[in-house]
Structures are given as structure tokens and as C-alpha cells.
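next come a sequence and a model predicted from it.
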Amino acid sequence: MDDGAGMVNLTGRNIELRPASSADLDARLSLGNHADIIEMFGVSRSDVRPLTREGASQWLQKLIGNPTAWVIDVHGRLVGEIRLDNLDLHDRRATMAVGIFDPQLLGKGLGSASIRLVLEHAFTHLQLHRIGIRVLAYNTRAIRAYEKCGFVQEGREREAAFVNDVWHDDVMMGLLETEHQGS
């Protein structure tokens, strides 16, 4: 059994999750920061700034430094990212984050396909027991995608994020290995 560390490619029907590389800098830069998307990550529209080369480089270094982070690649093109964060091999748990950066590709099932690939890797190869997610209550597209992949709402952290001058709840979601195997 591998220790879970080490970069692996995860391949689906129309999608590949692969480790980030320095060659991804220009592709990430060209996708920019779209307010409609960045707002779903909890950033107020008034705080969204154009993506700079330095910002894209910081994003890239963070992904390269995480052995359980992948670029979402569709037909040879970077379109987003998916990560397992806070990996705890003792408690066999992690949190997940996913983002599609191209507004034209939202709602096409790429997030769900990416999530399924990572879940299979997490529960089978990393032998995790639980994956948790925090998602803003207004991010209904993401909540639907997570539910489609088997996640259940476990709770709500009230008024946890201040976005666009309004308090918003965080929805806590989780998926256990036994629930994943049953899907």
C-alpha cells in the first residue's frame, strides 16, 4: 500500500485530474478571476481583483505543495482545481475543496465528475473514512453537486461568512466511506 503521498493522475471519461506544474501558470492566468465564481468562495464582489501573474503563481505553488491537490484538465485545458486539505491519516479524514474557474463550463457536471474521482481515490487508495466540506449556503450549485456525489448535510454554522455586506451561513457536509461504498 502506498502512503497516500505522491502525485497521481486520476482519469475519468472526459476529465483528467493531474498534479499542477509550472507549465500551468499561463493557463490559470488566462482564466482570471470572475466575480460570479470567486463570490462562491466567500469573497465579496467589491473585493474581487483581476488575477495577477503573482496571484496565479501563488495559487500554483499552493497546489504544487499539496500532494492531494489536482488541476482539473478537460481536453488538455486547465479549467479548475480540486483538493483534499487537512489530511489526517490517524483519524482517516480530510476536507475537500473544488472550483471550476471558467464560467462557460459551470453546470456541465465537471465538478461532480472531479469529486467522484477524488472520492474513489480517497476512500480506496488513501483509505480515508470521512471527507468533510464547508460550503456557503447560497452556493446552491455546489451543494447540489456534493449531494449528487453522496454528501449529506450535517449541520450549519450560522452567520459564519460576511460576504457582500451580509452574513451568510456555512453548510457542513460529509461523506463516510460506508456511504460511498453503498453508492
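Everything's here; your move.

how about Ser57, nearest residue that isn't a chain neighbour?
Residue nearest to Ser57 in three dimensions, not counting chain neighbours: Leu25, with 6.2 Å by CB to CB, 6 or more residues apart in numbering. (Glycine included, C-beta is placed from N, CA and C.)

again but with Asp88, I slipped
Using CB to CB, 6+ apart, the closest residue to Asp88 is Ala94 (6.8 Å).

surely the one you found meets Ile82?
No - here Ala94 lies out of contact with Ile82, judged by CB atoms under 8 Å, at a distance of 11.8 Å.

can you pull out the helices in the protein?
Remark: helices assigned in the chain by DSSP state H are 25-31, 35-38, 53-64, 110-120, 140-148, 177-181.

who's in contact with the shortest one?
Going back to what we said before, that points to helix 35-38. Arg45, Val48, Gly99, Ile100, Phe101, Pro103, Leu106 (CB atoms under 8 Å, 6 or more residues apart in numbering).

now those in a markdown table, please, with extra columns for pLDDT, distance to Ala145 and neighbour count.
Output for the contacts of helix 35-38, formatted as a markdown table (pLDDT from 0 to 100; distance: CB to CB, whole Å; neighbours: other CB atoms under 10 Å):
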| residue | pLDDT | distance to Ala145 | neighbour count |
| --- | --- | --- | --- |
| Arg45 | 91 | 22 | 12 |
| Val48 | 92 | 22 | 17 |
| Gly99 | 95 | 11 | 17 |
| Ile100 | 95 | 10 | 25 |
| Phe101 | 95 | 15 | 22 |
| Pro103 | 92 | 16 | 13 |
| Leu106 | 91 | 10 | 17 |
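
closest one of the residues you listed to Ala69?
When the contacts of helix 35-38 are ranked by distance to Ala69 (CB to CB), Gly99 comes first, at 11.3 Å.

tell me how far that closest one lies from Asp165.
23 Å (CB to CB, to the nearest Å).

ditto for Thr178
42 Å.

equivalent analysis for Gly42, please.
To Asp165, Gly42 is 13 Å away according to CB to CB.

neighbour count winner among those two?
Gly42 (18 against 8; other CB atoms under 10 Å).

beta partners of the residue lying closest to that one once chain neighbours are set aside?
Of all residues not flanking Gly42 in the chain, Ala161 sits nearest, at 4.9 Å (CB to CB, 6+ apart). When bridges are called by DSSP bridges, Ala161 pairs up with His168.

state the distance from Ala161 to His180.
In terms of CB to CB, Ala161 sits 28 Å off from His180.

and the two? Which one has more around it.
His180 (21 against 18).

how many other residues sit next to Glu159?
By other CB under 10 Å, the burial measure for Glu159, its neighbour count, is 11.

for it, give me the pLDDT.
With respect to pLDDT, Glu159 has a value of 98.

thank you kindly, that will do.
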